[in-house]
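Visitor: got a sequence here, can you build the structure:
(one chain, ligands or ions: 1)
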Amino acid sequence: MNTQSNKTIIVTGANAGIGRETARGLAKLGHTVIMVCRNVPAGESVRQDIIAQTGNQAVELMKCDLSSQASIRQFAADFTAKHPRLDVLINNAANFDHTLKQPVLTADGVEVVFATNQLGPFLLTNLLLDTLKASAPARVLTVASQGLMMYPFLTIEFDNLAGQKKFSTQHAYYHSKLAQVMFTFDLAERLRGTGVTVNCLRVPNVQIDHGRYEYITGWKRRAYEIKRRRAITPAQMAEAYIRLAVAPEFETITGQYFDEHCREVKAHKPAYDRAVWQKLWAVSAALTKLETVANR
Ligand SMILES: NC(=O)c1ccc[n+]([C@@H]2O[C@H](COP(=O)([O-])OP(=O)(O)OC[C@H]3O[C@@H](n4cnc5c(N)ncnc54)[C@H](OP(=O)(O)O)[C@@H]3O)[C@@H](O)[C@H]2O)c1
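Guide: Next comes the predicted model:
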């Protein structure tokens, strides 16, 4: 793979799982990697490990809690003050917290799964758009889930964004991942002609770090272990992230949905509803108090 180092690349959620292996692989290729993590000690330990393994000193750690709009704004200000360019933004971090039994609202008054998985990437990407455009050709990669295939009729539930009508972590998670797919398609349209491409990667069953679900017991634990045995490794999945992020053959492709082999695949039909894209954009902008928005 010709990877055209040295790019400046943000990976959110880089202290664990696929994000960590993506940061490692990109560092190995010689890129400048900004690990964006909410847990600074965990991020720093991974950063040191990546530097020791790859010899690439250009691996930075920056703090951001993607469920907090204040934290995202602070991060974006700190990043743009320090870095004049951004070649690739990988919106990888996500909340799939099985302990949530009812909706939990963030300090911004938004249900935490929607806040982290949809509004977080929405706000972060918009705040970094000028830098991405100035660095064109540049890329934005968002992350969805193959599990969305289990919800062929799901669309955005504008009357249930806070989980006020029905709530389970699983439902909130897949709903937020669908929002990411629609945000990707919409943003790709808005950015046509700017040199900034936007694509979404669908992740299949990938091993999750053992420590993350220590609290799961009983049959759920056994089911989790069986699922884990069938899963691919985070490093295998990271190969697709890395190709889509830096391989020249993807430089001009935009508005696509990819599988773990970097093949273009179709999302389910409701994901292509442009009227819903527009409403989702307007609601997300209102909920994040975003004033400057990407042109259509
Ligand atoms: N693993 C799978 O089978 C699978 C399947 C479908 C889709 N995916 C998607 O693939 C991506 C990576 O998943 P993974 O398997 O690597 O999961 P993971 O190991 O649980 O990693 C998730 C990362 O997101 C971070 N994160 C969560 N909430 C955050 C917040 N509020 N602010 C900042 N960072 C936050 C976590 O940080 P902390 O360590 O601080 O919690 C962690 O670094 C996610 O988008 C996920 O939805 C995974």
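
Visitor: CA only for contacts and neighbour counts going forward, please
Guide: Fine.

Visitor: helices and strands of this structure: which one has the lowest mean pLDDT?
Guide: Sorted by mean pLDDT, DSSP states H and E, the helices and strands of the chain end with helix 218-229, the least confident at a mean of 84.

Visitor: list the contacts of the helix or strand just after that one.
Guide: The helix or strand immediately downstream of helix 218-229 is helix 234-246, counting by DSSP states H and E. Helix 234-246 is contacted from outside by 1, 3-4, 17-19, 21-22, 25-26, 88, 90, 139-141, 201, 203, 206-208, 250, 260-262, using Cα atoms under 8 Å, 6 or more residues apart in numbering.

Visitor: near the ligand, from those residues?
Guide: 17-19, 203, 206-208 (Cα under 6 Å from any ligand atom).

Visitor: and G19, what does it touch?
Guide: 11-13, 92-93, 238.

Visitor: can we see that at 10 Å?
Guide: 11-13, 25, 35-37, 90-93, 234-235, 237-238, 241 (Cα atoms under 10 Å, 6 or more residues apart in numbering).

Visitor: which bits of the stretch 101-250 of the chain sit near the ligand?
Guide: 116, 143-146, 203-209.

Visitor: how about the least confident helix or strand of the chain: buried residues?
Guide: For helix 218-229, burial by neighbour count (16 or more other Cα atoms under 10 Å) applies to R228.

Visitor: can I get that helix as CSV, trimmed to CA atoms?
Guide: Provided in CSV are the C-alpha atoms of helix 218-229 (Å, rounded to 0.1, in the frame of the first residue of the first chain):
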residue,chain,number,x,y,z
GLY,A,218,-24.0,-15.7,33.8
TRP,A,219,-25.4,-16.7,30.3
LYS,A,220,-24.7,-13.2,28.9
ARG,A,221,-21.0,-13.8,29.8
ARG,A,222,-21.0,-17.2,28.0
ALA,A,223,-22.7,-15.8,25.0
TYR,A,224,-20.2,-13.0,24.9
GLU,A,225,-17.3,-15.4,25.1
ILE,A,226,-18.7,-17.5,22.2
LYS,A,227,-19.2,-14.3,20.2
ARG,A,228,-15.7,-13.3,21.0
ARG,A,229,-14.2,-16.6,19.7
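
Visitor: and the contacts of it?
Guide: Counting by Cα under 10 Å, 6+ apart, 205-210, 213-217, 231 sit against helix 218-229.

Visitor: and for T254, the neighbour number?
Guide: 23 (other Cα atoms under 10 Å).

Visitor: again with K165
Guide: Neighbour tally, K165, other Cα under 10 Å: 9.

Visitor: show me what contacts it?
Guide: 157, 159.

Visitor: run the last query once more with 8 Å
Guide: By Cα under 8 Å, 6+ apart, the contact set of K165 is D159.

Visitor: and for the one 5 residues further on?
Guide: Q170 makes contact with 96, 98 under the criterion Cα under 8 Å, 6+ apart.

Visitor: just checking, next helix/strand downstream of the helix or strand it falls within?
Guide: Assigned by DSSP H and E, Q170 belongs to helix 169-190. Counting by DSSP H and E, the next helix or strand C-terminal to helix 169-190 is strand 196-203.

Visitor: show me the shaky parts of the protein.
Guide: 1-5, 292-296 (pLDDT under 70).

Visitor: could you pull out the strands for it?
Guide: 8-12, 32-37, 59-63, 88-91, 138-145, 196-203, 257-258, 264-265 (DSSP state E).

Visitor: export the ones you listed to TSV and tack on mean neighbour count?
Guide: Listed next are these as TSV, based on neighbours: other Cα atoms under 10 Å:
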stretch	mean neighbour count
strand 8-12	25
strand 32-37	26
strand 59-63	20
strand 88-91	26
strand 138-145	25
strand 196-203	26
strand 257-258	22
strand 264-265	12
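
Visitor: before we move on, the earlier item: filter the contacts of helix 218-229 to the buried ones?
Guide: Buried among the contacts of helix 218-229 (16+ other Cα under 10 Å): 205-208.

Visitor: which of these lies closest to Y151?
Guide: Nearest to Y151 among the buried ones among the contacts of helix 218-229, counting by Cα to Cα, is N205 at 16.1 Å.

Visitor: thinking again about what came up before, reformat the buried ones among the contacts of helix 218-229 as TSV; add distance to T131.
Guide: Converted to TSV, the buried ones among the contacts of helix 218-229 look like this (distance: Cα to Cα, whole Å):
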residue	distance to T131
N205	33
V206	32
Q207	34
I208	33
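
Visitor: quick one on the thing from earlier: keep only those of the contacts of helix 234-246 that are in helices.
Guide: 17-19, 21-22, 25-26 (DSSP state H).
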